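*Asks:* Build the 3D model from these lines:
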Amino acid sequence: MSELSLNASGAVLTEPEMVILEMEAKDRDDAAAQLAERMYAQGRLLDLDGFLKDVTAREHQMATGLPGGIGLPHARSKHVVKTSIAVGVCRYGHSVNFGASDGPATVVLLIATPAAAYSEHLEVLATLARSLFRPAFRESLRRAQDPEVLAELINSSLVFFDH
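*Replies:* Numbers count the residues shown, from 1 in each chain. Now for the predicted structure:
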């Protein structure tokens, strides 16, 4: 594992097994469920259904779509073992509505943080949002053809995250 795939604390936020290429989701709940299942399979969630209820509750508070075709569903939850990010890149011609003003998402990043990790949650969101603001970064996520490359892009974008 390269230096860049670890954040400053040595924790890997995503891994290739938590990446879905060619994702087809019927709606934002389906997209979140597919990604959360990957987290659960990697031992990052204690209770899949409980976590998904927390994500849905968060989605009802405010849309999590970002400009540029990004869906950023997220939740702090007692069902999360450690801060994690699962990534879905939609199959060509598919997208998911996360309520962004410029249209649906073609890249979905599900962020899970433990319930008590309020500042960590905000820091991951802010750091990732800064990277996602750059068109070249968004395009590199869309074009990645390999889960390892995609995981590396996400982890390296958060390399200075230090909690």
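*Asks:* For the residue positioned nearest the centre of the chain, what are phi and psi?
*Replies:* Residue closest to the mean C-alpha point of the chain, counted by C-alpha atoms, centre = their mean, is residue 109 at 2.4 Å. Backbone torsions of residue 109, given as degrees, to the nearest 10, read phi -120, psi 110.
*Asks:* Would you mind listing the buried residues in the helix or strand that contains residue 152?
*Replies:* Residue 152 belongs to helix 147-157 when assigned by DSSP states H and E. For helix 147-157, burial by neighbour count (16 or more other C-beta atoms under 10 Å) applies to 147, 150, 151, 152, 153, 154, 155, 156, 157. The C-beta positions use only the backbone N, C-alpha and C, and glycine is treated the same way.
*Asks:* Check which helices and strands it sits against.
*Replies:* Contact here means 3 or more C-beta pairs under 8 Å, 6 or more residues apart in numbering; DSSP states H and E; on that basis helix 147-157 packs against strand 19-23, strand 84-90, helix 118-132, helix 135-143.
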